[in-house]
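S.K.: Got a predicted structure plus its sequence, pasted below:
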Amino acid sequence: MTEIKSIAGPLRELIEEKEIIARCELLIRTYQIVSNAKLSEEEHKELTALVGERIAPGIFASMMNKDPIFFDLPRLDTYTQMNGRIFHFMHTKKYSKQDFDNAASRFLRAIPELRVLLLQCMEQRLTEFMTDAGYVLSDRSNQSLTFTADNRTAKAFIATSVKAVNIDNCRSKPGDDCIVLVPSSETLEPFVQFFRDWGQAAEDRSLQIWIMNLEKGTIDPFIGYTTDLDIYNQFDNPRLAETVRNYWVPDKDQ
């Protein structure tokens, strides 16, 4: 394919600069690079034909499959775990323990910036999702987004981790849907713990908690149920919350 320099160039620079990079950082920065690319209609069409409608997750998947759609990208074909995070690097280069320690330190210093970028890509994806369900973004504050459709309003909060969700701070007007969007993580543990600690309380308050799978670009229900069929039809796995409830309720774990 034609090299799309506005994406391929920054990706190449990122990988060459970092050499050892956390998987989550590479994913978030791929979203950032695609968002900043300002693709032409022709470029957008060319990319969607190769990786699907969700371009950033598709490009990331192509890199993880060791067959990137852009030629001459460094191949991140090896990985390790540090402090519970997956880090990717090239097997053709030899790295010392100090190199890996430095990469872990750089990642920790980048976390505040990455949180901002994560919120931006989640907000953009949620807005697309709600637009496809027939809603419009009618109000935006530092803490929430309000979407409206015919005779229906949804107030949405975005958190950078399920661990950061405080259900006491997530409230909407009577009759409005109240939604919290959280990102997927590299393990299920935080979601299992949150469900056991707060799942029933969230359901009792009619709170809906959705998960954005960053690697797929999909959104699915984790806790709670929507009664809006237009929203239901946008979920990749609309029965996920039901599955979670069936398998993770404490009594069934005894």
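M.R.: Nice, I can see it.
S.K.: alpha carbons only for contacts and neighbour counts from here, please
M.R.: OK.
S.K.: now could you export just the CA positions of stretch 124-142 as CSV?
M.R.: C-alpha atoms of stretch 124-142 as CSV (Å, rounded to 0.1, in the frame of the first residue of the first chain):
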residue,chain,number,x,y,z
GLN,A,124,-14.0,10.3,21.1
ARG,A,125,-15.0,6.6,20.9
LEU,A,126,-18.0,7.1,23.2
THR,A,127,-19.2,10.0,21.2
GLU,A,128,-19.0,7.9,18.0
PHE,A,129,-20.8,5.1,19.8
MET,A,130,-23.7,7.3,21.0
THR,A,131,-24.0,9.1,17.7
ASP,A,132,-24.4,5.7,16.0
ALA,A,133,-27.2,5.0,18.5
GLY,A,134,-29.0,8.2,17.6
TYR,A,135,-27.8,10.5,20.3
VAL,A,136,-26.1,13.9,20.1
LEU,A,137,-23.6,15.4,22.6
SER,A,138,-25.6,18.2,24.2
ASP,A,139,-23.4,19.1,27.1
ARG,A,140,-19.8,18.6,28.2
SER,A,141,-18.2,19.3,31.5
ASN,A,142,-14.9,18.4,33.1
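S.K.: Tell me how far that stretch lies from the chain's centre.
M.R.: With C-alpha atoms, centre = their mean, to the nearest Å as the basis, stretch 124-142 stands 16 Å off its chain's centre.
S.K.: which residues are in contact with that stretch?
M.R.: Contacts with stretch 124-142, where a contact means C-alpha atoms under 8 Å, 6 or more residues apart in numbering, come from 145-149, 217, 219, 230-231, 233-234.
S.K.: And stretch 150-164, by the same measure?
M.R.: Contacts for stretch 150-164 (C-alpha under 8 Å, 6+ apart): 115, 118-119, 122-123, 143-148, 165, 170, 172, 176-185, 190-191, 194.
S.K.: residues of that stretch that come out buried?
M.R.: For stretch 150-164, the neighbour count (16 or more other C-alpha atoms under 10 Å) marks 153-162 as buried.
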